[in-house]
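Q: Structure, please.
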Amino acid sequence: MADWQTQLFQFTRPLGVCRSVCCRESTDAELSFTKEGLPPDATPLQCNMALANASMAEYLVNLKQQCLDEKRHYEDRGIEASLQKQNRWALYTRSDRIQQCFAHSKAFIRQYPECRFNVLPKQYLRALTLLQHHIAEDTADLCLPPERRRHCDVFEGVKTDGVNSQLVKDAHRSEWTVGDESFSMQQNRASRSQSQCSGGDGLEDRKAAIAAFQHDLVVAVEEYILSYCERRDLTGPVVPQLMQCVTTQMSQAGLANLEQSSQACKVFVSGEGLQQRTTYNLATLMDSAKGEVLKLSILCMKTGFTSYITPDGPPPGLDCGDDWEGTGGVGPFHCSDTSYLYQYATMIFFVADSKDGHQKENEDAERGQISTRHAPHIFSGNNDKKRERKGDGEGPVRCTVIDLLDELHILPMDPL
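A: This next block holds a predicted model:
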């Protein structure tokens, strides 16, 4: 049985328990696992650090192997990899840079408030740790020179050229709130329908409506971030960097980070009634230590599906009936149309001072003082390129997760 199955219906937040009929298991086994290898009087923070470190180490081990296999595939066929792909291989195969990823993950869990007071579920910690890693790497990547980046995002805009093009392309598929303004194509459907009924060209009207919607949204996002930069006296390269970092997470990249980190990352749902709702909310927040910061919330909810596929098999307690036969254990499995997947995350963006809280972690990584107890073999490798380390770490723009909800509710079909 896979790890995610044991938590499928249990914990969505540290203090929240799902009451699905499919789950009646206790969390005692998980808590005992969390404290494995730790003293009996280990604090919640120590337990959470151990479990999060193990999850991160496992992820980095798998990612390192994927990169090595991919690199070998290119070399065997004499194919020259793109510069971005080579940079990604370097990040996840060089031991010094893996140490840096591990150090940042440890620093994040150490400062995350809920980790100090409660022993959190394994899957919640895994989702939290991986989401922070993904968005932090995206943010750091955009602060590097183009030749050192691992992604090849394109940016455009109306008042600037710093808005991620993917945000523009997919703008009409999501709902948005920028400050006090709300943007949704749903609000324009009635007027478009009236235009079509009056003899207008429906397709052309829709294209024009989408273009106008994209323009208004982009201007609102640009003005909001530029206004924030003005209030914070931010000038120079950090302004376009901040614009790029925020709008990248407001695009498919941010949604992919959320879903990839979720416990539902291996669950693929389908059905005629399937609906996906995606919302982005950009606002500001006063932080006691950092002052005013930009706050971005992302929500993704899938409802109305009646079947799903997963390589880990059905959740415990779900009567699959004949679905299990002949599927090889992956499905599709049928479920109630009241089932749903729900992911929600809030993150903050800010410009760090020259002396940041991660600095000691970075210095420890450079000196090789990061603990390798959980996965010593991921830190073995070539360190000859340490001199290239300068500029590979975090840039002035930082992004930190401050809240996460990760719910996966798959319910049995209603009896006929």
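Q: As CSV, could you dump the C-alpha coordinates of stretch 398-416?
A: What follows is the C-alpha trace of stretch 398-416 in CSV, where atoms were taken according to Å, rounded to 0.1, in the frame of the first residue of the first chain:
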residue,chain,number,x,y,z
ARG,A,398,12.2,35.5,-2.3
CYS,A,399,9.0,33.5,-2.2
THR,A,400,7.8,31.6,0.9
VAL,A,401,4.7,29.4,1.4
ILE,A,402,2.7,30.5,4.5
ASP,A,403,-0.4,28.3,4.2
LEU,A,404,-1.4,25.1,2.4
LEU,A,405,-4.5,23.0,2.1
ASP,A,406,-4.3,19.6,0.4
GLU,A,407,-7.5,17.6,0.3
LEU,A,408,-8.3,14.5,-1.7
HIS,A,409,-11.8,13.0,-1.2
ILE,A,410,-12.7,10.0,-3.3
LEU,A,411,-16.0,8.5,-2.1
PRO,A,412,-17.7,5.3,-3.1
MET,A,413,-20.5,5.3,-5.7
ASP,A,414,-24.0,5.8,-4.3
PRO,A,415,-26.0,2.5,-4.1
LEU,A,416,-28.6,2.1,-6.8
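Q: same question for it, mean pLDDT?
A: Along stretch 398-416, the predicted confidence averages to a pLDDT of 88.
Q: So which bits of that stretch are buried?
A: The neighbour-count check on stretch 398-416 (16 or more other Cβ atoms under 10 Å) flags 398-401, 404-413 as buried. (C-beta placed from N, C-alpha, C; glycine too.)
Q: Pipe the residues you listed into JSON lines and attach secondary structure and distance to Gln66 per row.
A: Formatted as JSON lines, the entries for the buried residues of stretch 398-416 read as follows, by DSSP: H, G, I helix; E, B strand; the rest coil; distance: Cβ to Cβ, whole Å:
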{"residue": "Arg398", "secondary structure": "strand", "distance to Gln66": "27"}
{"residue": "Cys399", "secondary structure": "strand", "distance to Gln66": "24"}
{"residue": "Thr400", "secondary structure": "strand", "distance to Gln66": "26"}
{"residue": "Val401", "secondary structure": "strand", "distance to Gln66": "24"}
{"residue": "Leu404", "secondary structure": "strand", "distance to Gln66": "25"}
{"residue": "Leu405", "secondary structure": "strand", "distance to Gln66": "28"}
{"residue": "Asp406", "secondary structure": "strand", "distance to Gln66": "23"}
{"residue": "Glu407", "secondary structure": "strand", "distance to Gln66": "28"}
{"residue": "Leu408", "secondary structure": "strand", "distance to Gln66": "24"}
{"residue": "His409", "secondary structure": "strand", "distance to Gln66": "30"}
{"residue": "Ile410", "secondary structure": "coil", "distance to Gln66": "28"}
{"residue": "Leu411", "secondary structure": "coil", "distance to Gln66": "34"}
{"residue": "Pro412", "secondary structure": "coil", "distance to Gln66": "35"}
{"residue": "Met413", "secondary structure": "coil", "distance to Gln66": "37"}
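Q: Pick the one among these closest to Thr129.
A: Val401 (9.4 Å; Cβ to Cβ).
Q: At which residues are the helices of this protein located?
A: All helices of the chain, identified by DSSP state H, fall at 3-6, 28-34, 44-76, 83-93, 95-111, 122-142, 165-169, 189-197, 202-231, 238-249, 252-261, 359-366.
Q: so which of those gets nearest Leu285?
A: In terms of Cβ to Cβ, the element of these nearest to Leu285 is helix 202-231, at 10.9 Å.
Q: Buried residues, that closest one. List them.
A: Under the neighbour-count criterion of 16+ other Cβ under 10 Å, helix 202-231 has 205-206, 209-210, 213-214, 216-218, 220-226, 228-229 buried.
Q: for it, what is the average pLDDT?
A: Per-residue confidence for helix 202-231 averages out to 94 on the pLDDT scale.
Q: Show me what that helix is packed against.
A: Secondary structure elements in contact with helix 202-231, counted by 3 or more Cβ pairs under 8 Å, 6 or more residues apart in numbering; DSSP states H and E, are strand 163-164, helix 165-169, strand 175-178, strand 181-183, helix 189-197, helix 238-249, strand 275-287, strand 291-303.
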